[in-house]
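> Would you be able to build a 3D model of this:
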Amino acid sequence: MKKGKIMLVEDSQNLRYVLRDYFEMLGYEVAEYSDGTSACKAFNRGLFDICILDILMPDKDGFIVLQEIRKLDSDIPVIFLTAKTGKEDRIKGFKLGCDDYLTKPFSTEELALRIEAILRRTRRFKDEANPLYEEKIYKFGDFEFNYSAMQLIHPKKTRTLTRKEAELLKLLCEHQNKLLPREVILKEVWGDEDYSVGRSMDVFLTKLRSYINIEPVKKEHLNPNGGRHDKYLPGFEPKVEICNVHGTGFILKVRE
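Numbering: from 1, shown residues only. The predicted structure follows:
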């Protein structure tokens, strides 16, 4: 059984390969990246147990990557692995939310022990005794949503979601057929109730609607005189629908 999945971000190819081989030998799964931009994109789409970040990178440095990671996940452990030895850099790293800071050159054995200690403390080992890693499955209509794998499954199509899409859908699934106020969604998924963030939320909800609307709507099923609340003729309403309650919030409506 794998001990966990490591995101390794290091621009030195030689060091990256050495660390990857070493951690794989110890039983970890390793996803490696050479720059901050690709790492941020991968973090948005993947699930990791711990991140190891170099600081000095050509595009987004490790500090920026950590800030973007913390917007998506406030709990995942992060270790800085860097040649920057200054006190100010260490303080900055910890203020931004890193869990440990190791300067180069370093002992790979010491790094492995630090990783194990952090994962024990944060209970992020993937083992059967850890309920954090039980698969979270939500079923609604003809859909099955595997939150752990970030997959939305339908008999006709399986789609892998981004981290934000998965968090948003999870919240809707946990409140099926109940009104979710906009401010609750913004606070729970984005951690911010700012207006500009609200516009981002609307974009993500539009995406989720498009994923759920797999079956084309037939014109003969629409109510020619209907408004927003009675768009469909009785008996032809979709099994699953994300409804907008104007100015208030959203409902994941699931019909039997």
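> use CA for all of it now, contacts and neighbours both
Noted.
> Residue 91: helix or strand, and which one exactly?
When elements are defined using DSSP states H and E, residue 91 is found to belong to helix 87-96.
> Tally up the residues packed near residue 27, please.
Using other Cα atoms under 10 Å as the criterion, residue 27 is surrounded by 13 other residues.
> on that earlier part again, distance between the helix holding residue 91 and the chain's centre?
25 Å (Cα atoms, centre = their mean, to the nearest Å).
> Next: stretch 35-47.
Taking Cα atoms, centre = their mean, one finds the center of stretch 35-47 at 10 Å from the center of the full chain.
> about what we covered before: just the CA atoms of the helix holding residue 91, as CSV, please.
Extracted in CSV, the C-alpha atoms of helix 87-96 (Å, rounded to 0.1, in the frame of the first residue of the first chain):
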residue,chain,number,x,y,z
LYS,A,87,16.2,34.2,8.5
GLU,A,88,13.8,36.5,6.7
ASP,A,89,13.0,33.8,4.1
ARG,A,90,12.3,31.2,6.8
ILE,A,91,10.0,33.7,8.6
LYS,A,92,8.2,34.5,5.4
GLY,A,93,7.7,30.8,4.6
PHE,A,94,6.2,30.0,8.0
LYS,A,95,4.0,33.2,7.9
LEU,A,96,2.6,32.0,4.5
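> For that helix, give the mean pLDDT please.
Per-region confidence: helix 87-96 scores 87 on mean pLDDT.
> for that helix, packing partners?
When contacts are defined as 3 or more Cα pairs under 8 Å, 6 or more residues apart in numbering; DSSP states H and E, helix 87-96 sits against helix 62-72, strand 100-103.
> Could you please name the strands the last one pairs with and the direction of each pair?
In the sheet containing strand 100-103, its partner strands are strand 78-82 (parallel), by DSSP bridges.
> related to what we said a few turns ago, mind putting the helices and strands packed on helix 87-96 into CSV with distance to residue 183?
Formatted as CSV, these follow (distance: least, Cα to Cα, whole Å):
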stretch, distance to residue 183
helix 62-72, 17
strand 100-103, 34
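> Could I get the full set of helices for this protein?
Secondary structure of the chain (DSSP state H): helices at 13-26, 36-45, 62-72, 87-96, 108-122, 163-174, 182-185, 195-212.
> For residue 79, find the nearest of those.
Each of these was checked against residue 79 via Cα to Cα, and the shortest separation belongs to helix 108-122, namely 8.2 Å.
> helices or strands up against the closest one?
Based on contacts counted as 3+ Cα pairs under 8 Å, 6+ apart, the elements that helix 108-122 packs against are helix 13-26.
> still on that earlier bit, to residue 167, which of the helices and strands packed on helix 87-96 lies closest?
helix 62-72 (9.4 Å).
> Contacts for the closest one, please.
Among residues not part of helix 62-72, those counted as contacts by Cα atoms under 8 Å, 6 or more residues apart in numbering are 36-37, 39-40, 43-44, 53-56, 78, 80, 93, 96-98, 163-164, 190-191.
> redo that, cut-off 6 Å
Outside of helix 62-72, the residues that reach it under the criterion Cα atoms under 6 Å, 6 or more residues apart in numbering are 36, 53, 54, 55.
> Show me which of these are buried.
Neighbour-count burial (16 or more other Cα atoms under 10 Å) applied to the contacts of helix 62-72 gives 36, 53, 54, 55.
> could those be laid out in TSV, adding distance to residue 86 and pLDDT?
As requested, these are arranged in TSV below (distance: Cα to Cα, whole Å; pLDDT from 0 to 100):
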residue	distance to residue 86	pLDDT
36	21	90
53	17	93
54	15	92
55	12	90
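> domains for this protein, by residue range?
Dividing the chain into domains by automatic domain parsing, as the record does, gives the ranges 5-132, 162-254.
> Name the residues of the lowest-mean-pLDDT helix or strand in the chain that are buried.
Comparing every helix and strand of the chain by mean pLDDT, DSSP states H and E singles out helix 195-212 as the least confident one, with a mean of 82. When neighbours are counted by 16+ other Cα under 10 Å, the buried residues of helix 195-212 are found to be 198, 201, 204, 205, 208, 209, 212.
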